[in-house]
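>>> Sequence and predicted structure below; questions after.
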Amino acid sequence: MRIPHIAALALAAAAWPTICAAAPVSIQVSGADGRPLAGAVVTLAVPGAPPAEPHGSYVMAQHDIAFEPRILIVPVGASVSFPNRDQVRHHVYSFSPAKKFELKLYGFDVTKSVVFDKAGVAALGCNIHDTMTGFVYVTASAYAAISDASGRVSFSGVPAGRATLTLWHPSIRAPGNTMSQTAAIPTAGLATSMAAGR
C-alpha cells in the first residue's frame with residue numbers, strides 16, 4: 001500500500017526529534033595534579049540507551065613482559081583472548097570480584113580465553129613476572145573510551161538528556177578507583193571536564 005505524501009512527511013517529522021537528539025560529548029580528564037590524565041576510562045550511562053553488545057575480537061596479549069594493551073574495555077559477555085607473544089611462559093590471573101580466573105603456565109604462541117560476564121574491573125597479574133599489571137574494564141555502557149595523551153575523551157551520537165559520567169583510573173583514591181558525576185546533555189552537545197580527585 002502506498003503511503004500518501006502528507007502521511008510520509010508526518011512519519012519523517014516524527015522521526016526527526018530522535019535523529020536530532022544525538023549529540024557529541026567531549027570530556028577533558030585531569031589528574032590530582034591538575035594535568036591531563038591519559039589512560040583513564042570514561043563511561044556514560046544514558047537512561048534508555050541500549051547496552052553494549054560483544055562484537056569482533058577482544059585481545060589482551062602478553063608481549064615484552066607486559067600486558068598489551070594495559071587497559072582493555074570490553075562489553076559484558078565478551079570473550080577475551082590472552083595470546084602469549086613472548087618467548088617465556090606466563091601464568092595470568094585475576095582475583096578481582098568482577099572476574100576471578102587463572103590461566104596456568106603457557107608458552108609462546110599459545111592463546112587462552114576468558115569470558116567476562118559481569119561489569120567491573122578485573123586487575124590482571126602474572127605469577128611469574130610481578131611487574132606485569134593490566135586491567136580489563138567490563139561495562140554495559142555503549143559509551144566507553146580511554147582518555148588519550150591529552151586527557152581527552154570524545155563520544156558521538158549520545159542521546160540528549162540526563163546522563164551519569166563515570167571516571168576510572170588506578171591512581172584515583174576512591175572506592176573502586178572510581179568517581180562519577182551527573183550531567184545534562186543538550187541536543188547541541190556537551191563539553192565538560194572531570195578531575196581524578198584532589
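Yep, that arrived. Just so it is clear, the structure is predicted and the values come from calculations on it, not from any experiment.
>>> Please look at D109 and R85 and confirm they touch.
Yes: using C-beta atoms under 8 Å, D109 is in contact with R85, at 7.5 Å. In short, each C-beta sits where N, CA and C put it, glycine included.
>>> More neighbours: which of the two?
The neighbour count for D109 versus R85, taken as other C-beta atoms under 10 Å, is higher for R85 (14 against 10).
>>> distance of the more buried one from A45?
From R85 across to A45, the span is 35 Å (C-beta to C-beta, to the nearest Å).
>>> and what of D148?
In this structure, D148 lies at 22 Å from A45, with C-beta to C-beta as the measure.
>>> okay, those two: which has more neighbours?
A count of neighbours by other C-beta under 10 Å puts A45 above the other of D148 and A45, at 18 against 14.
>>> Give me the distance between that one and V110.
According to C-beta to C-beta, A45 stands 37 Å off from V110.
>>> One more: H91?
Here H91 is placed at a distance of 12 Å from V110 (C-beta to C-beta).
>>> Now do the nearest residue to F67 once chain neighbours are set aside, the pLDDT please.
Nearest in space to F67, with sequence neighbours left out and distances taken as C-beta to C-beta, 6 or more residues apart in numbering, is G134 at 3.0 Å. Confidence per residue is given as pLDDT, and for G134 that number is 98.
>>> cool, A196 as well?
Model confidence at A196, given as pLDDT, is 88.
>>> looking at it, it is touching P36, isn't it?
No: taking contact to mean C-beta under 8 Å, the distance of 10.7 Å between A196 and P36 leaves them out of contact.
>>> Give me the more crowded residue out of the two.
The residue with the greater number of neighbours, taking A196 and P36 and applying other C-beta under 10 Å, is A196; the counts read 22 against 16.
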